[in-house]
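In: Quick one: sequence and predicted model below, then my questions.
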Amino acid sequence: METLTLVGVLAGSLGLTALARRYNVSAPLLIVVVALGVALIPGVPRIELEPELILTVVLPPLLYSTSLDSSLTHFRANLRPIIGLGVVLVVVTAVVVAFVVHLLLPDLPWASALVLGAVVAPPDAVTAVAIGRKLGLPRGIMTVLTGESLVNDAAALTLYKVALAAVAGTAGSIGHGLGVFAVATVLGIAVGLVAGFVVVFIRSRLEDPLLESAFGIIVPFAAYVTAEHLHPFGSEFSGSGVLAVVTAGLYLGQRSLRASPATRMQDRSVWTSIDVLLEALVFALMGLQLPFVLDGADRAARDNGTLAIVAVVVLLVTMAVRIPAVFLSSYLPRTLRLFGRTRDSASWQALAVVSWTGMRGVVTLAAASAVPFGTPGRPEIQLFAFTVAVGTVLVQGLTLPPLIRWLKVRDPAEAARDQAEELAAREVAQKAAHARLKEITQAAMSKADLPPDRMKRLEERLERLVDTRYRFARAAITLSGEERSASPQAKFAQARRELLITQRAAMIAENRAGRLDDEVLRKVLVELDLEELSATNTLTNRTGMG
């Protein structure tokens, strides 16, 4: 891909993302539709998907960023449904799709059909998670969808390797395939943990937020490449780069609680920007692959005129397999009392939503593009993979929001629980701050660092500061939107923000008049910007005033 073309794709996809956010529509859907239309315009440069670029440059940071923001506690609590959807369902989908395709196209070898099944098996939860977050899906569903997206790529890509080995005639028995999967899992997790330990060790000695964030950027790439290039038992056995990235992200996400505030803020900004950029790019690349797929389909259709029908059947089968599997994975263990299950099953409405979140993504297209030349049925595999990827994004992506609204999949008690927990925690924090302030005051007075009257005034000021922050937080939690907007705390926050804006304007005017150096201005603006963000986030973000 030429540099200028890549820049154009990035700029266009980011522009569409901005447009989608402004008008509250799904950015992935808009980007895919526009990219499909652009791909059909005569004379537009053809952009070929480079599998190595996607699998080693795009996929690792996306998985890593999602892992950093995931709760390890929630992940462990939902481990059974996550493994059920992210591993078992991936294998079932691959086998069912392979069986159907081999039945419809008997000339296609079983191994090639299994390659196709592995290619279309893993859903990409980017679209589903974005829609669910916007529409307020319960945390349990979001945890399962996110966790599934973190492990299903590893299962599918490992199965993909086994299927390709079968095509090449180098695969062994089923036990051999299970061995490949086991080695990939163990090595991937081990590499991820080692990477996490190393990063924590190095970061603890840097004490420089900028360097810590810069160092963190290379973690997903290093973990992925290291795991994929470990071959302790021969070239067929290697670690799972996906699991290495996910493990490192989950571990470092938990350890980030001990990082400095500056490092956490820096990391949050860096990875949020990377997410927006890469997600926009991958959906643009999905749509722009249409000419390549059509060319391959044209060549293959000379000998078989039923490819379009088979492609639609593969799309329908891929979507249909997930629906009963989601319900069975929830109800069957409870009915048979498997796994020591004591929790109630999710509601049928929640399961229906989860069963309809099977949108495929750019990993499916990258794996299809990486199928070696000479593989029987390569053009058909690519055509079917493209149909499934784009078809699921358009069909399920467009219908998922109305489905969520129609089924009213929300947990009305979740918001109340969150508010009660936050308020209780803030009360504990307020009491802890007051207790610590008493200790500081007594220590200072015993050392006679300040006169008693000045120390008393200082203590009162700090107490007011702690209490004011608590009152702001309590108002944001307990008051309704209209009440928050009209509250004294909101008026104070808005006035504080306007004063900061006035100060910033005055500083910039001094700089333009030549009375304030540029470097000094930047230093002052950093302080004013942080204070304004604090004022905005304290209450105005919750009232819509920001």
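Out: All right, it came through fine. Numbers count the residues shown, from 1 in each chain.
In: only C-alpha atoms for contact and neighbour calcs from this point on.
Out: Will do.
In: list the helices and strands the helix or strand that contains residue 528 packs on?
Out: Assessed by DSSP states H and E, residue 528 sits inside helix 518-535. Here helix 518-535 touches helix 488-512, going by 3 or more C-alpha pairs under 8 Å, 6 or more residues apart in numbering; DSSP states H and E.
In: Show the average pLDDT along stretch 109-121.
Out: Per-residue pLDDT over stretch 109-121 has a mean of 92.
In: do stretch 23-40 as well
Out: 84.
In: What of stretch 131-151?
Out: 82.
In: what comes into contact with that stretch?
Out: 26, 63, 66-67, 70, 74-75, 78, 81-83, 85-87, 122-125, 128-129, 242-243, 246, 350, 354, 400-401, 404-405, 409-411, 414 (C-alpha atoms under 8 Å, 6 or more residues apart in numbering).
In: One more: stretch 212-232?
Out: Residues beyond stretch 212-232 that count as contacts (C-alpha under 8 Å, 6+ apart) turn out to be 56-57, 60-61, 64, 187-188, 191-192, 195, 199, 203, 206, 237-242, 244-245, 248-249, 263, 266-267, 270.
In: Turn the buried ones among those into a named ChimeraX selection, would you?
Out: Buried members of these, defined by 16 or more other C-alpha atoms under 10 Å, are picked up in ChimeraX with:
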select :56,57,60,61,64,187,188,191,192,195,199,203,237,238,239,240,241,242,244,245,248,249,263,266,267,270
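In: Restricted to helices, list the contacts of stretch 212-232.
Out: 60-61, 64, 187-188, 191-192, 195, 199, 203, 206, 241-242, 244-245, 248-249, 263, 266-267, 270 (DSSP state H).
In: Which residue lies nearest the spatial centre of this protein?
Out: For the chain, the residue nearest the mean C-alpha position is residue 66 (3.5 Å; C-alpha atoms, centre = their mean).
In: Check the spacing between it and residue 401 real quick.
Out: Distance, residue 66 to residue 401, using C-alpha to C-alpha, to the nearest Å: 22 Å.
In: Ok, residue 75 next?
Out: With C-alpha to C-alpha as the criterion, residue 75 and residue 401 are 25 Å apart.
In: Quick check: most distant residue from the centroid of this protein.
Out: The chain, C-alpha atoms, centre = their mean, max distance from centroid: residue 451 (54.5 Å).
In: Please tell me how far it sits from residue 457.
Out: Residue 451 is 10 Å from residue 457, by C-alpha to C-alpha.
In: ditto for residue 237
Out: For residue 237, the distance to residue 457 - C-alpha to C-alpha - is 69 Å.
In: Any regions of the stretch 151-300 of the chain where pLDDT drops low?
Out: 169-177, 233-236, 292-300 (pLDDT under 70).
In: which residues of it fall in helices?
Out: 174-206, 209-217, 219-228, 241-255, 261-288, 290-301 (DSSP state H, counting those that start in this stretch).
In: Mind naming the longest helix for the chain?
Out: The chain, longest helix under DSSP H: helix 412-447.
In: could you point out which element follows that helix?
Out: helix 452-478.
In: got the angle for that following helix vs helix 488-512?
Out: Angle of helix 452-478 versus helix 488-512, following axes from the mean of the first three to the mean of the last three C-alpha atoms, to 10 degrees, is 110 degrees.
In: Begin at 819, not 1, for the rest of this chat.
Out: Got it, first residue is 819 now, which makes that one helix 1270-1296.
In: which strands and helices sit next to helix 1270-1296?
Out: Partner elements for helix 1270-1296 (3+ C-alpha pairs under 8 Å, 6+ apart): helix 1230-1265, helix 1306-1330.
In: Mind doing that once more with 10 Å?
Out: In terms of contacts (3 or more C-alpha pairs under 10 Å, 6 or more residues apart in numbering; DSSP states H and E), helix 1270-1296 is packed against helix 1230-1265, helix 1299-1304, helix 1306-1330, helix 1359-1361.
In: and it with helix 1230-1265, angle?
Out: Going by the same axes, to 10 degrees, helix 1270-1296 makes 180 degrees with helix 1230-1265.
In: Please point out which parts of helix 1270-1296 sit buried.
Out: Neighbour-count burial for helix 1270-1296 [16+ other C-alpha under 10 Å]: 1273, 1277, 1281, 1284-1285, 1287-1288, 1290-1295.
In: ok, of those residues, which one's closest to residue 1341?
Out: residue 1287 (25.8 Å; C-alpha to C-alpha).
In: Might one say that the closest one is in contact with residue 1248?
Out: Yes. The criterion here is C-alpha atoms under 10 Å, and residue 1287 meets it with residue 1248 at 8.9 Å.
In: circling back to that earlier point, quick one: the helix holding residue 1346 to helix 1306-1330, angle?
Out: Going by the same axes, to 10 degrees, helix 1336-1353 makes 170 degrees with helix 1306-1330.
In: How far away from the center of its chain is helix 1336-1353?
Out: Averaging C-alpha positions (C-alpha atoms, centre = their mean, to the nearest Å) puts helix 1336-1353 31 Å from its chain's average.
In: Dump the C-alpha coordinates for it into PDB.
Out: Extracted C-alpha coordinates of helix 1336-1353, given in PDB (Å, rounded to 0.1, in the frame of the first residue of the first chain):
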ATOM      1  CA  ASP A1336       6.200  31.100  24.400                       C
ATOM      2  CA  GLU A1337       7.700  28.500  26.700                       C
ATOM      3  CA  VAL A1338       6.400  30.300  29.800                       C
ATOM      4  CA  LEU A1339       2.900  30.400  28.100                       C
ATOM      5  CA  ARG A1340       2.900  26.700  27.400                       C
ATOM      6  CA  LYS A1341       3.800  26.000  31.000                       C
ATOM      7  CA  VAL A1342       1.000  28.200  32.300                       C
ATOM      8  CA  LEU A1343      -1.500  26.700  29.900                       C
ATOM      9  CA  VAL A1344      -0.800  23.200  31.100                       C
ATOM     10  CA  GLU A1345      -1.700  24.300  34.600                       C
ATOM     11  CA  LEU A1346      -4.900  26.100  33.500                       C
ATOM     12  CA  ASP A1347      -5.900  23.200  31.200                       C
ATOM     13  CA  LEU A1348      -5.600  20.600  34.000                       C
ATOM     14  CA  GLU A1349      -7.600  22.800  36.300                       C
ATOM     15  CA  GLU A1350     -10.300  23.400  33.700                       C
ATOM     16  CA  LEU A1351     -10.500  19.700  33.100                       C
ATOM     17  CA  SER A1352     -10.900  19.100  36.800                       C
ATOM     18  CA  ALA A1353     -13.600  21.700  37.000                       C
END
